[in-house]
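Participant: Can you look at this prediction? I've put the sequence above it.
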Amino acid sequence: MTSSSAELDSLLQHYASQPDLRAGIDLEADNLHRYAEQLCLIQLTDGDRFDLVDPLAVEDLSAFGRFVEHATIWMHGADFDMTLLRREFGVLPAMVLDTQIAARLLGVRQFSYANLVNQFFDVELPKGSQKANWGQRPLPEKMLAYAVNDVRYLLPLAAKLEDALREKNRYDWFIESCRAAMARIEARDGVREDPWRIQGAGKLDRKGLCYLFHLWTWRDREAAEWDRPPFMVARNKDLITWCRELAAGRTPQLTRNIRGSRLERFRAAVEAAAQTPAEQWPKRRKGGGRRWESEQEARYDELAKARDAAAEDLDLDPAVLAPRAVLESLVWEDAPNEDLLLPWQRELLGL
């Protein structure tokens, strides 16, 4: 385990000496165990060796940021790891190639890393550490072995996927898709607008949204003080259910962990929402509950039919060509953003 700046510098000299400056990387964080997640482990491979870096022990990680900024990095399901890299180091790799994107473009329906390793190498990876607390020290041997396995097959898998993509003439689609994934991460400013508008909020009326704003704020403060993820205080679906009940004038059935002083603060949040004048209730977002006209339904059906036919011909999940939300935006928006679809997707859909 690399645990000092000097050791990290020496390790990165090896990786920087690779002819094509490529590496496989995976990251572990403690987002399931703390309010403010931290980077807890870095796994690297060049295909022949597997290295673990302890970010909690290394005094200065900046050398790692400088390395990835100029490297081509293979990852699996890279969105979370790219977000973590950008937050920790302020940069993304020169190029991120994602084995999950590659697998989906090949028509693979079960595309978790473990499923792909099993499919391509007939190896069943042990489970059990994915949701473990990576912030604990020392890390148990079981977790260290799990961490190494997360990159052991990454570059051999990448090679097989690249060959298959080129054989099917889909490698250009893959590069476009990976660049688009990187661009989405770069476009995020780190601050989500109205983070309290969680999944299910669109089904609440304005009064329910008012309760949601106050209860989400209550939950966030409880989680921060406790230093635990918000879902440990209350799950999103519970917040939505409680807000629906409160907006209807009913008393919600709370979970057992809402008691004592936490219950008192919950009741204060409910009272603050109840006392909010109706004109100050949050507005529902545009598009919620919109009514489809026959012309829009016909256009959507036309697009969906073209997508499904192309997907069947290519043996792809239709969502790979165009998710439902994208088709709806193409139908509803007067001047839909061209970035909704990549060039290869537009070509296949005849747009």
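Facilitator: Received it, and whenever you're ready, just let me know what you need. Numbering: from 1, shown residues only.

Participant: Show me where this protein has its strands.
Facilitator: 22-29, 39-45, 50-53, 72-75, 95-98 (DSSP state E).

Participant: which helices and strands sit right next to the fourth one?
Facilitator: What it means is strand 72-75. With contacts defined as 3 or more C-beta pairs under 8 Å, 6 or more residues apart in numbering; DSSP states H and E, the secondary structure elements packing on strand 72-75 are strand 22-29, strand 95-98, helix 154-167. In this view, the C-beta of every residue, glycine as well, is placed from N, C-alpha and C.

Participant: try it again with 10 Å
Facilitator: Here strand 72-75 touches strand 22-29, helix 79-89, strand 95-98, helix 99-105, helix 154-167, going by 3 or more C-beta pairs under 10 Å, 6 or more residues apart in numbering; DSSP states H and E.

Participant: what does the second one rub up against?
Facilitator: By that I understand helix 79-89. For helix 79-89, the surrounding residues in contact (C-beta atoms under 10 Å, 6 or more residues apart in numbering) are 25-29, 31, 37-39, 42, 55, 61-62, 64-69, 73, 75, 78, 91-93, 96, 98, 100, 181-182, 184-186, 188, 190.

Participant: what does the third one give?
Facilitator: By C-beta under 10 Å, 6+ apart, the surrounding residues in contact with strand 95-98 are 21-22, 24-25, 68, 70-79, 81-82, 85, 104, 158, 161-162, 174-175, 177-179, 181-182, 185.

Participant: Same question for the last one.
Facilitator: Surrounding helix 154-167, the residues in contact under the criterion C-beta under 10 Å, 6+ apart are 22-26, 43-48, 50, 74-76, 97-103, 105-108, 113, 116-117, 119-121, 153, 170-175.

Participant: which of those residues are buried?
Facilitator: 22-26, 43-47, 50, 74-76, 97-103, 105-108, 113, 116-117, 120, 153, 170-171, 173-174 (16 or more other C-beta atoms under 10 Å).

Participant: domains for this protein, by residue range?
Facilitator: What automatic domain parsing lists as the domains of the chain is 5-187, 201-280, 294-349.

Participant: Which one of those lies nearest to D194?
Facilitator: Nearest of those to D194, taken as C-beta to C-beta: domain 201-280 at 8.6 Å.

Participant: residues touching the spatially closest residue to N149 that is not a sequence neighbour, list them.
Facilitator: In space, and not counting its chain neighbours, N149 is closest to L125: 5.3 Å by C-beta to C-beta, 6 or more residues apart in numbering. Contact analysis of L125 by C-beta under 10 Å, 6+ apart lists 112-115, 117-118, 145-146, 149-150, 152-153.

Participant: if you set the cut-off to 8 Å instead, what comes out?
Facilitator: 113-114, 117-118, 149 (C-beta atoms under 8 Å, 6 or more residues apart in numbering).

Participant: Same question for N118.
Facilitator: So N118 contacts 124-125 (C-beta under 8 Å, 6+ apart).

Participant: how does it look with 10 Å?
Facilitator: So N118 contacts 110, 112, 124-125, 153 (C-beta under 10 Å, 6+ apart).

Participant: do the same with A248
Facilitator: 205, 207-208 are the contacts of A248 under C-beta under 10 Å, 6+ apart.

Participant: Spell out for me the PyMOL command that would select the buried members of those residues.
Facilitator: Paste this into PyMOL to select the buried members of the contacts of A248, with burial taken from 16+ other C-beta under 10 Å:
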select buried, resi 207+208
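
Participant: Closest to E7 out of the contacts of A248?
Facilitator: Looking across these and measuring by C-beta to C-beta, the closest to E7 is G208, at 53.9 Å.

Participant: what pLDDT does the residue nearest to that closest one when sequence neighbours are not counted get?
Facilitator: Among residues not flanking G208 along the chain, A247 sits closest, at 3.9 Å (C-beta to C-beta, 6+ apart). Confidence at A247, expressed as pLDDT, is 97.

Participant: same thing with G288?
Facilitator: 51.

Participant: circling back to that earlier point, now tabulate the domains of the chain in a markdown table and tack on distance to P195.
Facilitator: As requested, these are exported to a markdown table (distance: least, C-beta to C-beta, whole Å):
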| stretch | distance to P195 |
| --- | --- |
| domain 5-187 | 14 |
| domain 201-280 | 8 |
| domain 294-349 | 20 |
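
Participant: weakest of the ones you listed in terms of mean pLDDT?
Facilitator: domain 294-349 (a mean of 89).
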